[in-house]
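>>> Give me a 3D structure for the following:
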Amino acid sequence: SMEFIKFAKKYWGINEIQLLPTGQYYMKGEKCPIYSGSSMEFGNHMINTDMFQIDRNLKNVVPSNQDNGKIDYKNIITPTSTHENSLKNLYKNMPSELKDEFIGFKSCLSKRLEAKSIYHALKDIYGSSDINSWSIIDRELYNKEIVTENERIHRISKIKNSKKKIVDFYLFKQFLAEKSVKAAAEELH
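Below you'll find the model as predicted:
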């Protein structure tokens, strides 16, 4: 890909590349539609695992040349995938330099990702992504007409305390993806 980018930059003067949706993908049956993701967050597929020296078995993520050569997204986006387990291992054994950067990321940018991190925690609490099965306060947590600011602050604090690892791991993956995308943009430019 980089050889083509260099060619295109030299002969056509391009200076940016439009990516497919960058948001988290979700399985719908056996398929993973490209527009199933959100544009408000980065998906696991945006994390450059080579950049963080993540040890993983690539044959489980990218099939051999005998197959169709496409990425097996189930092995990137599912909670028990090789990719996800590698990220969990990096999170648990985070080098101190990366940990310092992550702390800085959380202090500056976690507010914009708060609702999504709380959503992931609530999915774990209820064991379902079907918000209709959640309590009214959790379902309407960011609706100012139903949940008062004090109720929201109290409930978010309670969720963050009880599901700290889930919230923090979600933010960690967003941090890695953002770092990956920035590095890719710098390389292209």
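>>> List the buried residues of the helix or strand harbouring residue 111.
Per DSSP states H and E, residue 111 falls inside helix 96-126. For helix 96-126, burial by neighbour count (16 or more other CB atoms under 10 Å) applies to 98, 102, 105-106, 110, 113, 116-123. No exception for glycine: its C-beta is placed from N, CA and C like everyone else's.
>>> cool, and stretch 135-148?
In stretch 135-148, counting by 16+ other CB under 10 Å, buried: 138-141, 147.
>>> Now tabulate the buried residues of helix 96-126 in TSV and tack on pLDDT and distance to residue 131.
Output for these, formatted as TSV (pLDDT from 0 to 100; distance: CB to CB, whole Å):
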residue	pLDDT	distance to residue 131
98	93	34
102	95	29
105	92	28
106	90	26
110	68	22
113	87	18
116	87	13
117	91	16
118	93	12
119	91	9
120	90	13
121	95	13
122	96	8
123	93	9
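>>> tell me the two of the residues you listed that are most distant?
By the measure CB to CB, 98 and 122 form the most distant pair in these, at 27.7 Å.
>>> Name the residue closest to the centre of the protein, please.
Nearest residue to the geometric centre of the chain (CA atoms, centre = their mean): residue 43, 3.8 Å.
>>> roughly how far apart are that one and residue 13?
From residue 43 over to residue 13 the distance is 30 Å, taken as CB to CB, to the nearest Å.
>>> before we move on, back to that, quick check, nearest of the buried residues of helix 96-126 to residue 166?
residue 121 (4.9 Å).
>>> follow-up on the earlier one: follow the chain on from the helix holding residue 111 and name the next helix or strand.
Under the assignment DSSP H and E, the closest C-terminal helix or strand after helix 96-126 is helix 136-139.
>>> which strands and helices sit next to that following helix?
Packed against helix 136-139 by the contact rule (3 or more CB pairs under 8 Å, 6 or more residues apart in numbering; DSSP states H and E) you find helix 96-126, helix 149-162.
>>> Output the ones you listed in TSV, with distance to residue 90 appended to each entry.
Listed next are the helices and strands packed on helix 136-139 as TSV, based on distance: least, CB to CB, whole Å:
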stretch	distance to residue 90
helix 96-126	8
helix 149-162	22
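>>> for those helices, which one sits closest to residue 174?
helix 96-126 (5.6 Å).
>>> the bottom helix or strand of the protein by mean pLDDT?
When the helices and strands of the chain are compared on mean pLDDT, DSSP states H and E, helix 58-61 comes out lowest with a mean of 47.
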